[in-house]
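K.L.:
have a look at this prediction, sequence included:
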Amino acid sequence: MRMPLNATIEKLPEATAVVTLSGQMTLGTTLKVADSQINGLIADGVSKLVIDVTGVDYMDSAGLGMLVYFFGTLRGKNGLLRICGVAPRLLSLLQLTKTDTFLSIDKSRDESLGALGD
């Protein structure tokens, strides 16, 4: 059974937000909903974003594309994107597609937030 993608958003001070995703980051309605929620955050002035994928068990090219898109959007606004909680299966996808060479990946949410604060 496919788990729909669920996004929990936590706004923090200094234009920072943490988006915790769980389920599957695959092409479809739930990915579009998460995409528009995150785009809304960026439109509202969030420039430092942590995407926690600890609860994501599967990602396809659409999910990967979404991460790359947010990286580019934030970079264009001098913002930062950190990704944390990447499971081995997701990490191998990031390595295979070489997106791990420019996406900032941390072990934990605290590590990501610490890196944004520097």
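P.N.:
Okay, I see it. Numbering: from 1, shown residues only.
K.L.:
please identify the helix or strand for the closest residue to Gly85 other than its chain neighbours.
P.N.:
Once flanking residues are discounted, Gly85 sits nearest to Thr54: 3.0 Å by Cβ to Cβ, 6 or more residues apart in numbering. The way it works is simple: take the backbone N, C-alpha and C, and place the C-beta from them, glycine included. For Thr54, the element it lies in under DSSP states H and E is strand 48-59.
K.L.:
for the residue positioned nearest the centre of the chain, give me its contacts.
P.N.:
Most central residue of the chain, judged by C-alpha distance to the mean C-alpha position with Cα atoms, centre = their mean, is Ile51 at 3.3 Å. Applying Cβ atoms under 8 Å, 6 or more residues apart in numbering to Ile51 gives the contacts Val18, Val19, Leu21, Ile38, Leu67, Phe70, Leu81, Arg82, Ile83, Cys84.
K.L.:
what's across from the last one in the sheet?
P.N.:
Going back to what we said before, that points to Cys84. For Cys84, the beta-bridge partners under DSSP bridges are Asp52, Asp106.
K.L.:
cool, and the first one?
P.N.:
With DSSP bridges applied, Val18 shows beta-bridge pairing to Glu10, Val50.
K.L.:
thought it was touching Leu116?
P.N.:
No: judged on Cβ atoms under 8 Å, Val18 makes no contact with Leu116 at a distance of 9.8 Å.
K.L.:
can you list residues touching both of these two?
P.N.:
With Cβ under 8 Å, 6+ apart as the test, Val18 and Leu116 both reach Val50.
K.L.:
residues contacting Ile9?
P.N.:
Ala17, Val18, Val19, Thr20, Gln37, Leu41.
K.L.:
quick one: buried residues of stretch 58-66?
P.N.:
Tyr58, Met59, Gly63, Leu64, Gly65, Met66 (16 or more other Cβ atoms under 10 Å).
K.L.:
pick the one among the residues you listed closest to Arg89.
P.N.:
Of all the buried residues of stretch 58-66, Tyr58 has the smallest distance to Arg89: 7.5 Å, by Cβ to Cβ.
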